[in-house]
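Participant: predicted model and sequence follow; I will ask about them next.
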Amino acid sequence: MSATTAPEAPAGRSREGVLRRSRELAPQFADGLGLTLAIAAATTLGKLVVPIAVQQTIDTGVMADGGPDVGRVVLICALAAAVLVVTSVTAWVVNVRLFRATEAGLANLRVRAFRHVHDLSVLTQSGERRGSLVSRVTSDVDTISTFLQTGMLVLVLSLGQVVLATALMFVYSWQLALVVIGCFVPLVLARHQLQRPVARAYAAVRVRMGELLGAVSETVVGADVIRAHAASARSWRNVDAAVEAHRKQAVKAQIATAATFSTGVLVSGLVVALVIVVGTLLGVDDDITLGRLLAFLFLAQLWVGPVQAATEVLNELQNALAGWRRVVDLIDTPVVVPDPAPERVRELPAGPVEVRVEDVAYTYPGTDKVVLTGVDLHLPAGSRTAVVGETGSGKTTLARLVTRLVDPASGRVLLNGVDARDLPGRELHRRVVAVPQEGFLFDATVGENVRRGKPGATDDDVTAAFADLGLTAWLEDLPEGLDTPVGQRGERLSAGERQLVALARAHLADPDLLVLDEATSSVDPATEVRLQRALEGVLSGRTSVAIAHRLSTAEAADTVVVVDSGRVVEVGPAAELAHAGGPYSRLHAAWTAQHS
């Protein structure tokens, strides 16, 4: 498993296991199911009215002993019509009840899958392409929905119809009933062999769909970079390749489905032919009446049709099961940064946060690659710390440990003396806020994005947050002030402007520990000067940790922590470390030379 591969959910889950787990996750599927099936059975009984009416009309009406009995024929036809009307009403009731139950279950399944995605760790999320994750919550659930609201109803009604039609066929002619059943026995016995390639094909279709959505979303999100590097042709080729891979796999699945369906059609035709031949021979020997033979032909169609439909629906079931398995596996993917058990829950003492990192080591899940080892740090409450180091040294991982986006493999991280693993996630992230290097904005207004830091904040609160950062003039220059739309991912603002909004959001949240991944690195020099002055006041009385990519950030900190090859090699004031002849001295010299 690579460094960013997600932990795997339980593998090799059987079809019965998937269905059982789905019912546990969304019990709404079974709400009122017994009554729905009972009404469905009544609907199926109504379908037997036609062959019975045909038999009675011919044998006791048209061919009555004293000649055709028109009154009896009319009565039988009227009763049959009345039953069919009632049957249509019960069929409508079954559909409504089934749709309501399945929609409730599917909504619950979507919500659980969506929330679980957010509970997964950063590394688990990055182990799968975002488009694939989205497809599990949308496309795969839609596949389940299509089957439950169409295929499952057909399957239930078809099975009931086959059982009732079989019983009536034996009443009319046990010989012909054995002929019909005998023709389908080989098909039933071969069902597993016929379904296995279909199941594999549709499982691959769902995987290809996830890859396709991933390729498309990546191209859309990275459109600016693609255009900037004239890489459109390559991106189109990647998307085209994903589309073609999905097309080929979908065709394979349809070919496998067509082979199964064609086999059913062949057997169905053979059944009708044999019933006519054998029925004629029985009629010659007076073993069956004309009415019974005609009724049996109707019954054979009522038997053959559902068998064909059930075969086709079982193929659709393979596609639904493939989607179902992907959704269930997503929900069952282990949460590697879970909330503590109730008996372990602790409260984070109020006030600026003191951070202690005690003999912490970290390795990527499922690998032997050591990212950090033997880390010991003490960051006093209210202090400002800068973490520096070369790319890949482990400084970002250290910041993730402090904010509990990941947990250490050994050792512990203490916040005000409390193990971070004993703090509920919601409480922890209310008191500890991280601002990434690229400030993410939602497709909303500037004001709404800032209010994400403190739900319920008023426009005055948001305006005050910008004022504290010295950004009032910038805010007033926006076309609509706080009501200015930022677009998807904040694309209507520049990179620096997006970071200003992200910083205002973090300031409004008023955390006790603020972790900055060089949050001013995307801001133009004039705005950076203004921000640095504002941050002096904002950080006062609050513990802060900054991953420093700039010399100015390190020099403004109380303490500099130097990380090299997964170890903390130096800790101290920037002025002292700059002349100590160690790793920081070399970084300081490189920074100085770059900006001289």
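Facilitator: All right, it came through fine.

Participant: after whichever helix in the chain runs longest, heading C-terminal, what element do we hit next?
Facilitator: Counting by DSSP state H, the longest helix found in the chain is helix 232-284. Using DSSP states H and E, the next helix or strand after helix 232-284 towards the C-terminus is helix 290-331.

Participant: quick check: angle from that following helix to helix 232-284?
Facilitator: Using axes from the mean of the first three to the mean of the last three Cα atoms, to 10 degrees, the inter-axis angle of helix 290-331 relative to helix 232-284 is 150 degrees.

Participant: now helix 290-331: average pLDDT?
Facilitator: Here helix 290-331 scores 76 as its mean pLDDT.

Participant: so where's the stretch 1-150 of the chain uncertain?
Facilitator: Within the stretch 1-150 of the chain, the segments meeting pLDDT under 70 span 1-16, 118-139, 149.

Participant: and the helices in it?
Facilitator: With DSSP state H, counting those that start in this stretch as the criterion, the stretch 1-150 of the chain has helices at 15-25, 33-47, 49-56, 70-119, 122-126, 130-137, 139-146.

Participant: figure out which of those is closest to Val406.
Facilitator: Among the helices of the stretch 1-150 of the chain, helix 122-126 comes nearest to Val406, with 6.6 Å by Cβ to Cβ. Where C-beta positions appear, they are placed from N, C-alpha and C, glycine not excepted.

Participant: that older thread, could you dump the helices of the stretch 1-150 of the chain to JSON lines with mean neighbour count and distance to Val313?
Facilitator: Listed next are these as JSON lines, based on neighbours: other Cβ atoms under 10 Å; distance: least, Cβ to Cβ, whole Å:
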{"stretch": "helix 15-25", "mean neighbour count": "15", "distance to Val313": "14"}
{"stretch": "helix 33-47", "mean neighbour count": "17", "distance to Val313": "14"}
{"stretch": "helix 49-56", "mean neighbour count": "20", "distance to Val313": "23"}
{"stretch": "helix 70-119", "mean neighbour count": "16", "distance to Val313": "14"}
{"stretch": "helix 122-126", "mean neighbour count": "17", "distance to Val313": "35"}
{"stretch": "helix 130-137", "mean neighbour count": "21", "distance to Val313": "23"}
{"stretch": "helix 139-146", "mean neighbour count": "21", "distance to Val313": "11"}
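
Participant: closest one to Leu168 among those?
Facilitator: helix 49-56 (7.1 Å).

Participant: export that closest one to CSV, keeping only CA atoms.
Facilitator: The C-alpha trace of helix 49-56 is given here as CSV (Å, rounded to 0.1, in the frame of the first residue of the first chain):
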residue,chain,number,x,y,z
VAL,A,49,-58.3,-14.3,-13.5
VAL,A,50,-57.8,-14.2,-17.3
PRO,A,51,-56.8,-17.9,-17.8
ILE,A,52,-59.5,-19.0,-15.3
ALA,A,53,-62.1,-16.8,-17.1
VAL,A,54,-61.0,-18.3,-20.5
GLN,A,55,-61.4,-21.8,-19.3
GLN,A,56,-64.8,-21.2,-17.6
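
Participant: phi, psi for the closest residue to Val432 other than its chain neighbours please.
Facilitator: Distances taken as Cβ to Cβ, 6 or more residues apart in numbering put Leu513 closest to Val432, at 4.4 Å, once the chain neighbours are dropped. Reported as degrees, to the nearest 10, the phi and psi values for Leu513 are phi -140, psi 120.

Participant: hang on, the earlier thing: so for Val277, which of the helices of the stretch 1-150 of the chain sits nearest?
Facilitator: helix 49-56 (19.4 Å).

Participant: pLDDT of stretch 452-461, averaged?
Facilitator: Computed over stretch 452-461, the average pLDDT equals 88.

Participant: straight-line length of that stretch, end to end?
Facilitator: Terminal residues of stretch 452-461 are spaced 12 Å apart (Cα to Cα, to the nearest Å).
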